Each structure stands twice: as structure tokens, then as C-alpha cells.
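Enquirer: fold the following.
(one chain, ligands or ions: 1)
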Amino acid sequence: MIQLSNITKVYKTKNGDLTAVRDVNLTINQGEIFGIIGYSGAGKSTMIRLLNGLEKPTTGEVIVNGEDIAHTSGASLRQARQKISMIFQHFNLLWSRTVEENIAFPLEIAGVSKSERASRVQELVELVGLNGREKAYPSQLSGGQKQRVGIARALANNPEVLLCDEATSALDPETTDAILELLLNINKKLGLTIVLITHEMHVIRKICHRVAVMEAGQVVEQGKVLDIFQNPQATITKNFVSQVSDSSETKESIEQIVTNYPTGKIVRVTFVGQSTKEPIMSQLIKQFDVDINILHGAISHTANGPYGTLIVHIDGGKENIESALQLLATNNIQAEVIERG
Ligand SMILES: Nc1ncnc2c1ncn2[C@@H]1O[C@H](COP(=O)(O)OP(=O)(O)OP(=O)(O)O)[C@@H](O)[C@H]1O
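Expert: Next comes the predicted model:
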């Protein structure tokens, strides 16, 4: 559906060349929700602008729907871009137009007749849950409702790809979840391919099927969201994962236990699928004569399925602890030592 091959983007600035994106290769499949996560300056906005042809790569190819966006211009670029829609952090609504007039705007530009426009707008209003708010102006809407207008407007001309530029970053946590649910429903209902950029791992966990992690213009890690949560490789990915896995209380209790119990190891154990059903902890205690103290436990849900995390303090003889960790590994259970006593 979307193929980025060897993409590099260099901006010419008055201080010299600045490489915003460096040698990126990505494939995004039809109908998937793909997330790009990174801190500020990582190159996410540049990536999204490359996907809709607002920026041209310095080298490389951007294929969307069979069309080489990077090497197309004029009428054929405009035509290709009709199939690529976008929603924004600050909604970018027309403030002097009502909800229904905002949604109708791209239909007017596309030359859709007045009666067709009216029925399409009503369909979209229902799809995004704005019934009864058709005549309201953006200033009379909550942030979540404004983003619903943004989504309806983006879907008006039946795009094949929806790009989301930090679409929930200006919203409170509850509204963020409601908007993410809406995007997930739209993806399922319409089979729409969604590409989103964010700096929040919560967004990735909640709706994305796959994710690419960007740092200093490069994709340092990519894969299925469940795999990335279970077994993050790069340091930056581990930081993002701990954003949603470890509460501040857990961090405090880890610090406390390290002070109080200077021996043993603190280990984050991640269970997926069948492994959640095995009584593995009691097996470790019996078999290796170790003490296990549970510090934190949680089940998290991703678009690929649930996974469970336990943070435990394992104490006992050095060799026994090693053997216990070994047993987890042979059972295909991820165990990461996060602190050594
Ligand atoms: N038009 C431009 N001209 C020059 N440099 C740019 C331009 N756009 C982005 N950059 C630079 O490219 C790098 C990547 O920026 P980009 O906006 O893509 O990152 P980002 O991950 O989206 O960060 P943010 O969330 O802060 O926007 C930054 O160093 C930025 O200053």
C-alpha cells in the first residue's frame, strides 16, 4: 500500500545542511494502523509530509497506492493526494463555518452536487457521532468534538489513507481514548489505512498494529506493537514502553526495594498468550529455592492482543537466580533484569 525506499531528506538551512530523515525503509500494508513514534525533532513531521507529497525526498521513493508521490507533480500529484487525507493536532477547522459546512467543504471543492453533499454530510456526521451538532460553530465545540469534525471532513471524499499528525496531543486522556476508539472503528468499518505520528506510547498501544520508532531521523526499530512491547531492543524504545508500563509508584517501589533488599534481582517478566496460563512463578520458587516478591502486575491491551507484565524481586543464591531466569527463557517468557541488588 505504502512503500518508502531509502528515503533521505536534507533541508538546506542557513547553518548548512540538516538531515531530517536518513535512509528510511518502511512498508505499510493496506488496512493497517501504523504508528511512527519519536521525540521532538526525530523527523516524524517530515515523514508525514513526505507521505502526502508536501515535501520531496532528497533521495529515495515514496510509493502510495502504486503512485510515486516523490516524482509526481501537477495534476497527477493533486489526483494522488485526493486519496490521502489528513487530520491535525489543532484540527485546522474553518472557524466561520458550521460543523456541516466544514464537513461539506472538501465535497464542494471536488464539485459534488448540493443534494449529494447534504446526504454525504449526514452520513459522516453519524459516523463520527456528531448528531445534533450540525449547526454549531467550532468555537462552540469541545476539543474532542472539533477533532470529530476534522475526521469527518478528512473522510468526505473516501480517501484510502488517513494521515494523523499528533491528532490527540491537544486532548485530555479521556477524550484521547474516545478519539482513538473512533479511529479504530473507522479502520475496521471502512478498511482505511491509517498512518499516525505521535510522541505518546499510549496511542501506539491502544490502536496501532505496527510501529516504527524514530530517533535522529532514523528508524531504529519497527515491528508488531505486541512484539515491541514484549521485547523492546533500542534504549529509546525501552523508554517509550516504560512510559505506559511502569507507573511512578512502581518506580518508587523499585527504588525502595533496591535500598531495602540489596541482594537479588528486580526483573520485568512479560507474558503473552499461552504463557499467561502457566503457574511459572510457583515453579521457580519450588524448583530453585528462590524468594519472589511481586512489586507490580498489569494486563495491557494492544491492537494485536493482550499481554501481562509482572515486576518481581527474585532473591536467593546467585546460581539459583540465574537458573530461574534461564527457565523463564526456555519457556519463551521475556524476563528483563531492570535492577541488580
Ligand atoms: N522546513 C524545514 N527547514 C529546515 N529544517 C527543518 C524543516 N522542517 C524540519 N526541520 C528540521 O528537521 C528535523 C526534524 O524535524 P521534524 O519536524 O520532522 O521532527 P518531529 O519529530 O516532527 O518533531 P516535532 O514533533 O517537534 O515537530 C528538526 O531538526 C527540524 O528542525
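
Enquirer: point out where the stretch 51-200 of the chain drops to low pLDDT.
Expert: The stretch 51-200 of the chain contains no residues with pLDDT under 70.

Enquirer: where do the strands of it begin and end?
Expert: 59-64, 67-68, 84-88, 161-165, 193-198 (DSSP state E, counting those that start in this stretch).

Enquirer: and of these, who's closest to the ligand?
Expert: strand 193-198 (6.7 Å; Cβ to the nearest ligand atom). Backbone N, C-alpha and C define where each C-beta goes, glycine included.

Enquirer: how far off centre is that closest one?
Expert: Remark: strand 193-198 is offset 7 Å from the chain centroid, using Cα atoms, centre = their mean, to the nearest Å.

Enquirer: wait, does the helix or strand following that strand contact the ligand?
Expert: The helix or strand immediately downstream of strand 193-198 is helix 201-207, counting by DSSP states H and E. No: Helix 201-207 stays clear of the ligand (Cβ under 6 Å from any ligand atom), getting no nearer than 13.4 Å.

Enquirer: which strands or helices does helix 201-207 pack on?
Expert: When contacts are defined as 3 or more Cβ pairs under 8 Å, 6 or more residues apart in numbering; DSSP states H and E, helix 201-207 sits against strand 33-37, helix 173-190, strand 193-198, helix 225-230, helix 235-245, strand 291-302.

Enquirer: roughly how far apart are residue 170 and residue 86?
Expert: Counting by Cβ to Cβ, to the nearest Å, the gap from residue 170 to residue 86 is 15 Å.

Enquirer: so for these two, which sits in the more crowded spot?
Expert: Using other Cβ atoms under 10 Å as the criterion, residue 170 and residue 86 rank with residue 86 on top: 22 against 15.

Enquirer: do I have it right that the more buried one meets residue 166?
Expert: No: in this structure residue 86 lies outside contact range of residue 166 using Cβ atoms under 8 Å: 11.3 Å.

Enquirer: circling back: and of the helices and strands packed on helix 201-207, who's closest to the ligand?
Expert: Of these, nearest to the ligand by Cβ to the nearest ligand atom is strand 193-198, at 6.7 Å.

Enquirer: the closest one pairs with which strands?
Expert: Note on strand 193-198: by DSSP bridges, its sheet partners are strand 33-37 (parallel), strand 161-165 (parallel).

Enquirer: which of the ones you listed is buried the deepest?
Expert: Each of the strands paired with strand 193-198 was scored by mean neighbour count; the highest is strand 33-37, a mean of 26, by mean count of other Cβ atoms under 10 Å.

Enquirer: who's the residue lying closest to residue 60 once chain neighbours are set aside bridged to?
Expert: Excluding the flanking residues, the one nearest residue 60 by Cβ to Cβ, 6 or more residues apart in numbering is residue 7, at 3.7 Å. Here residue 7 sits in beta bridges with residue 24, going by DSSP bridges.

Enquirer: quick one: residue 7 from residue 14, how far?
Expert: In terms of Cβ to Cβ, residue 7 sits 24 Å off from residue 14.

Enquirer: related to what we said a few turns ago, residue 79: which of the helices and strands packed on helix 201-207 is closest?
Expert: Across the helices and strands packed on helix 201-207, residue 79 has its closest neighbour in strand 193-198 (17.8 Å, Cβ to Cβ).

Enquirer: now do that closest one and strand 59-64, the angle between them.
Expert: 130 degrees (axes from the mean of the first three to the mean of the last three Cα atoms, to 10 degrees).

Enquirer: thinking again about what came up before, most packed of the strands of the stretch 51-200 of the chain?
Expert: strand 193-198 (a mean of 25).

Enquirer: before we move on, back to that, which ones are touching the residue nearest to residue 60?
Expert: Listed by Cβ atoms under 8 Å, 6 or more residues apart in numbering, the contact partners of residue 7 are 21, 23-25, 50, 57, 59-62.

Enquirer: and for residue 153?
Expert: Contact analysis of residue 153 by Cβ under 8 Å, 6+ apart lists 93, 102-103, 105-106, 124.

Enquirer: swap in 10 Å and give it another go.
Expert: 85-87, 91-94, 99, 102-107, 121, 124, 128 (Cβ atoms under 10 Å, 6 or more residues apart in numbering).

Enquirer: export the strands paired with strand 193-198 to a markdown table and tack on distance to the ligand?
Expert: Putting the strands paired with strand 193-198 into a markdown table (distance: least, Cβ to the nearest ligand atom, whole Å) gives the following:
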| stretch | distance to the ligand |
| --- | --- |
| strand 33-37 | 9 |
| strand 161-165 | 9 |
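
Enquirer: which one of those strands lies closest to residue 253?
Expert: The closest of the strands paired with strand 193-198 to residue 253 is strand 33-37. By Cβ to Cβ, the value is 27.1 Å.

Enquirer: how far out from the middle of the chain is that closest one?
Expert: So, by Cα atoms, centre = their mean, the centroid of strand 33-37 is 4 Å from its chain's centroid.
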